[in-house]
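# heads up, no residue letters with this:
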Ligand code: PMP
């Protein structure tokens with residue numbers, strides 16, 4: 001069966017799911033989106049994702065043309081029509097159809113579409129061996145320009161960084177902000193763990209991630225990891241981080257809806273810690289997996 005796509009209240013087979021070439025989402029990247037996941041019939045942090053979607057829309061003065069309740073129902077119905085219990089869910093709200101001018105006021109109604117598909121997982125080897133990443137020249141968007149907290153359709157900043165990472169022989173890019181502080185990766189937040197005590201218990205480490213005002217998305221996975229850290233009594237803090245800090249961390253990992261928790265073992269040619277995925281990364285991934293399979297909005301096919 002062909003994938004069924006939701007567009008503005010109706011479902012269409014993938015081959016017939018089309019939006020206008022005059023949609024400002026396409027013409028200008030004028031719109032917002034979310035990437036959400038379902039695990040065995042549980043939609044992880046759906047309320048948080050929809051809250052972020054509505055907040056992104058509010059900031060760009062885009063009215064989502066439906067209630068949160070209706071959006072939830074549309075997402076669940078799309079999952080059901082596609083008979084998916086484990087899925088990646090993409091919710092997109094664009095400015096809608098306008099003319100060739102920038103003016104958003106000429107776009108009468110926002111376009112909403114929802115794509116649900118099988119989740120394409122990162123290769124297992126990434127989690128076993130860890131990733132090598134590279135700092136790229138393209139700096140993360142200035143919060144005063146296009147705030148990275150807005151999950152907008154305008155991802156060229158991240159795409160430029162991704163191209164530079166590939167040119168440098170890596171799959172993922174470390175993006176700094178305009179002051180040279182660590183911001184995030186192209187589609188994931190960054191964490192590091194550093195030993196602070198003499199022992200090897202969790203209390204002898206601190207988990208650090210940059211505050212989002214330095215220029216990163218307020219990742220839902222990032223938040224979940226900070227909450228897990230609190231629960232397992234792993235000290236954690238939002239702190240300004242430099243490349244030097246990352247190079248000398250005991251562990252570095254990335255978080256995101258698609259990647260979950262992925263270890264980083266090399267940055268700009270420097271090995272991180274022991275050069276293999278560390279125990280804190282593995283422990284947090286284990287707790288994260290448990291959470292995704294017990295917490296969420298439940299639906300049945
Ligand atoms: N940063 C960026 C730039 C992202 O696009 C994403 C989402 N893919 C993330 C971080 C991670 O956010 P989340 O955990 O909410 O998926």
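Received it, and whenever you're ready, just let me know what you need. Small disclaimer: the values here were computed from a predicted structure and weren't measured.
# can you list the domains in the chain?
Following automatic domain parsing, one gets these domains for the chain: 4-117, 126-292.
# out of the ones you listed, flag the one nearest the ligand.
Set against the ligand and scored by Cβ to the nearest ligand atom, those come closest in domain 126-292, at 3.2 Å. Where C-beta positions appear, they are placed from N, C-alpha and C, glycine not excepted.
# let's see the distance spanning the closest one from one end to the other.
This stretch, domain 126-292, spans 20 Å end to end (Cα to Cα, to the nearest Å).
# that domain close to the ligand?
Yes - counting by Cβ under 6 Å from any ligand atom, the ligand is contacted by domain 126-292 at 158, 184, 187-189, 216-217, 219-222, 255-257.
# out of these, which one sits closest to residue 88?
Of all those, residue 88 sits closest to residue 257, with 7.7 Å by Cβ to Cβ.
# residues near residue 125, how many?
Neighbourhood size, residue 125 [other Cβ atoms under 10 Å]: 9.
# contacts for stretch 2-20, please.
Stretch 2-20 has contacts (Cβ atoms under 8 Å, 6 or more residues apart in numbering) with 25-26, 74, 77-78, 81-82, 94, 97, 111-117.
# do you know which of the domains of the chain lies nearest residue 300?
With Cβ to Cβ as the measure, domain 4-117 is the member of these nearest residue 300 (6.3 Å).
# picking that back up, inside strands: which ones of the residues of domain 126-292 next to the ligand?
Mapping those onto strands (DSSP state E) picks out 184, 189, 255-256.
# how near is residue 120 to the ligand?
Distance, residue 120 to the ligand, using Cβ to the nearest ligand atom, to the nearest Å: 14 Å.
# contacting residues around the closest residue to that residue other than its chain neighbours?
In space, and not counting its chain neighbours, residue 120 is closest to residue 88: 7.4 Å by Cβ to Cβ, 6 or more residues apart in numbering. For residue 88, the contacting residues are 35-37, 116-120, 257-258, by Cβ under 8 Å, 6+ apart.
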